[in-house]
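**Q** have a look; sequence and predicted model below, questions after that.
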Amino acid sequence: MNQELLTYLEHFITEERKERFLQVISARTNHFTVAMEDVFQMHNTSAVVRTCEVFGVQQAHSIEGRFGKRLDAKIAMGAQKWVDVFRYNDTQSCIDALRAQGYQIVATTPHKDAYFLNDFDISKKSAFFFGTEKEGLSEQVLSQADTYLKIPMVGFTESLNISVAVAIVLQQLTDKLRRSQVAWQLTDEERLSTLINWTKKSIRNVKDVLKRYEELTAQK
């Protein structure tokens, strides 16, 4: 991943697309991320990825041990092109991977002595875990979570559809994050890598373009 490659690839997209990429990436963050644990309904997983994209969260994590791949491109409406989706066969692999990247594990649940959204400390890198539609998060996540988060509710029902819950959490916390002094933006390396990936996905016959780039590089 290097600036020279990005500069070469940008010759194959319009100036309008290039400017749009720069505009969008300026609001992207890896300070927060979302993990979905064994979501059954495919449209829910896809809607969560779409929500991440809308609120500038660059990465989403899907644990698919029970129900397999749960991403529908039609429902995500192309969001999967712009968000990095990581898949796991089991919950522990996801937890371990996120901890290795410096994230605290945040279990979203109404049943714990959890922080309300308004009181949540946004200064730490946080991975928000959301559970299945009926059962919620597994004990495996709840027992290993560093902290807990809940959405204030005043009705008889104590749960929300997962895509709705993710939207509420991300809208409020990303807005609070961007108004804070926290260094939430992508690092230079993350930014470059993301721009290269987005540009590749915008080029027809990108394999031929990359092959030509390799040939030109080898001639230098």
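**A** Thanks, I have the structure now.

**Q** contacts, neighbours, all on C-alpha from now
**A** OK.

**Q** how close does A60 sit to V154?
**A** 29 Å (CA to CA, to the nearest Å).

**Q** can you check S143 too?
**A** From S143 to V154 the distance is 26 Å (CA to CA).

**Q** do L9 as well
**A** From L9 to V154 the distance is 52 Å (CA to CA).

**Q** who has more neighbours, these two?
**A** Neighbour count, other CA atoms under 10 Å: between L9 and V154, L9 has more, with 19 against 7.

**Q** next, give phi and psi for the residue nearest the centre of the chain.
**A** Centroid-nearest residue in the chain, with CA atoms, centre = their mean: Q59, separated by 2.5 Å. In terms of degrees, to the nearest 10, the main-chain angles of Q59 are phi -120, psi 140.

**Q** show me what it bridges to in the sheet.
**A** Note on Q59: beta-bridge partners by DSSP bridges are D84.

**Q** residue contacts, it?
**A** Contact partners of Q59, counting by CA atoms under 8 Å, 6 or more residues apart in numbering, are 30, 33-34, 52, 83-86.

**Q** hmm, which of the residues you listed are the buried ones?
**A** 30, 33-34, 52, 83-85 (16 or more other CA atoms under 10 Å).

**Q** looks like V166 contacts V48 (just checking).
**A** Yes. Between V166 and V48 there is a contact under CA atoms under 8 Å: 6.6 Å.

**Q** did I read that right, S62 in a helix?
**A** No. S62 is assigned strand when assessed by DSSP: H, G, I helix; E, B strand; the rest coil, not a helix.

**Q** any idea how far it is from E37?
**A** For S62 relative to E37 (CA to CA), the value is 6 Å.

**Q** any weak-confidence spans in this protein?
**A** 1, 39-42, 65-78, 133-134 (pLDDT under 70).

**Q** list the buried residues for the longest helix seen in the chain?
**A** Secondary structure of the chain per DSSP state H: the longest helix is helix 162-178. If you call a residue buried by 16+ other CA under 10 Å, then helix 162-178 has these buried ones: 162-163, 165-167, 169-171, 173-174, 177.

**Q** same check on stretch 16-32?
**A** 18, 25, 27-32.

**Q** tell me the SS of P110?
**A** Applying three-state DSSP: P110 is coil.

**Q** phi and psi next, for it.
**A** Note on P110: its backbone torsions stand at phi -90, psi 0 [degrees, to the nearest 10].

**Q** ok, the residue nearest to it when sequence neighbours are not counted - how many residues close by?
**A** Among residues not flanking P110 along the chain, K150 sits closest, at 5.3 Å (CA to CA, 6 or more residues apart in numbering). Burial of K150 is recorded as 21 neighbouring residues (other CA under 10 Å).

**Q** isn't K150 up against N118?
**A** No. The criterion here is CA under 8 Å, and K150 misses it with N118 at 9.9 Å.

**Q** S126 contacts A35, correct?
**A** No. In this structure, S126 is not within contact of A35 by CA under 8 Å, at 10.4 Å.

**Q** of these two, who's got more company?
**A** A35 (26 against 22).

**Q** can you pull the contacts of that one?
**A** With contact taken as CA under 8 Å, 6+ apart, A35 is in contact with 60-63, 127-130.
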